[in-house]
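Chemist: Here you go, sequence then predicted model.
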Amino acid sequence: MTLPLRLLGGLGHAVLSFLALVGRVVLFLAETLSHLVRPPFYGREFLNALFQVGWLSLPVVGLTAIFTGGALTLQIYAGGARFDAQAVVPQIVAIGMVRELGPVLVGLMIAARVTSSIAAEIATMKVTEQIDALVTLSTHPMKYLTVPRVLAGLITVPLLVGLGDIIGILGGFTVAVKSLGFNPAVFVQNTVNFLEPLDIISSLVKGAAFGVIATLMGCYSGMNSGRGAQGVGAATKSSVEAASILILAANFLLTGAFFSV
């Protein structure tokens, strides 16, 4: 077989493998949704997932947002100075944080922190045969492990995105007022006047989608991990990679859906 044919065959194999993975993830999501509407519901697992996904993610979300807002303000001010357009800093910081940077950065932080944690936890349970023990006790692993985590991601990540948007704008406000000499009242007024309800709605919808993606990929990778320590490591790595790529792809599609001309 010639080199071009081998390359073409390798490309085809990669595409087919990717499509097969997408199909398995879609079926996994469908099974999760089917269990979501059927009893029983494990309230303690759900509350623990809310705490793990939501509350414990607040520090990293807050720090990421405030530094991003401050850096964005400095960049916009420096760029606007070239065209004598420094006055637009509040408006661009607001729309940049709410429409794009807030949801995407929070989603990626959740993927780094939560997806990896879920994948490692469930993969370890599989290696140590705890999932088999759940089946022995007539407890469906999907209902006990996946549904509470995905539901927690759906609920908490939009709240984290909204909080991240506010903290990011606050970081930009602090830098603009303390370092760049902006009037506080004017900065706040320009921010409030410029943002539209659609901007906020799109940010929260993106947060919900990213939360489902991050938790779902953690559960999927954990449930389908290989045996042994190497399998746990591979599941953790692949879960973060897949969640990050899917979050960026979903962000592109949702941005087009909300703001296409």
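Modeler: Received, thanks.
Chemist: biggest helix in the chain by residues?
Modeler: For the chain, the helix that runs over the most residues, judged by DSSP state H, is helix 3-36.
Chemist: Quick one: mean pLDDT over it.
Modeler: This predicted structure assigns helix 3-36 an average pLDDT of 82.
Chemist: Mind giving me the packing neighbours of that helix?
Modeler: Packing partners of helix 3-36 (3 or more Cβ pairs under 8 Å, 6 or more residues apart in numbering; DSSP states H and E): helix 147-178, helix 197-223. (Glycine included, C-beta is placed from N, CA and C.)
Chemist: out of these, nearest to V25?
Modeler: Distances from V25 to each of the helices and strands packed on helix 3-36 were compared by Cβ to Cβ, and the smallest falls on helix 197-223, at 5.9 Å.
Chemist: Now do the buried residues in that closest one.
Modeler: Residues of helix 197-223 classed as buried under the neighbour-count rule (16 or more other Cβ atoms under 10 Å) are 199, 202-223.
Chemist: Over to stretch 131-148?
Modeler: With burial defined by 16+ other Cβ under 10 Å, the residues of stretch 131-148 counted as buried are 131, 134, 141-148.
Chemist: Now, these that are in strands?
Modeler: Counted as lying in strands by DSSP state E, out of these, is not a single one.
Chemist: nearest to G231, of those?
Modeler: Using Cβ to Cβ, I131 is the member of the buried residues of stretch 131-148 that lies nearest G231, at 13.1 Å.
Chemist: OK, contacts around the closest one?
Modeler: Contacts for I131 were tallied using Cβ atoms under 8 Å, 6 or more residues apart in numbering; they are 122, 125, 141, 145, 223.
Chemist: can I get those in JSON lines with distance to A71 and pLDDT?
Modeler: JSON lines is the format used below for the contacts of I131 (distance: Cβ to Cβ, whole Å; pLDDT from 0 to 100):
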{"residue": "I122", "distance to A71": "36", "pLDDT": "93"}
{"residue": "M125", "distance to A71": "40", "pLDDT": "91"}
{"residue": "P141", "distance to A71": "43", "pLDDT": "89"}
{"residue": "L145", "distance to A71": "38", "pLDDT": "92"}
{"residue": "M223", "distance to A71": "38", "pLDDT": "91"}
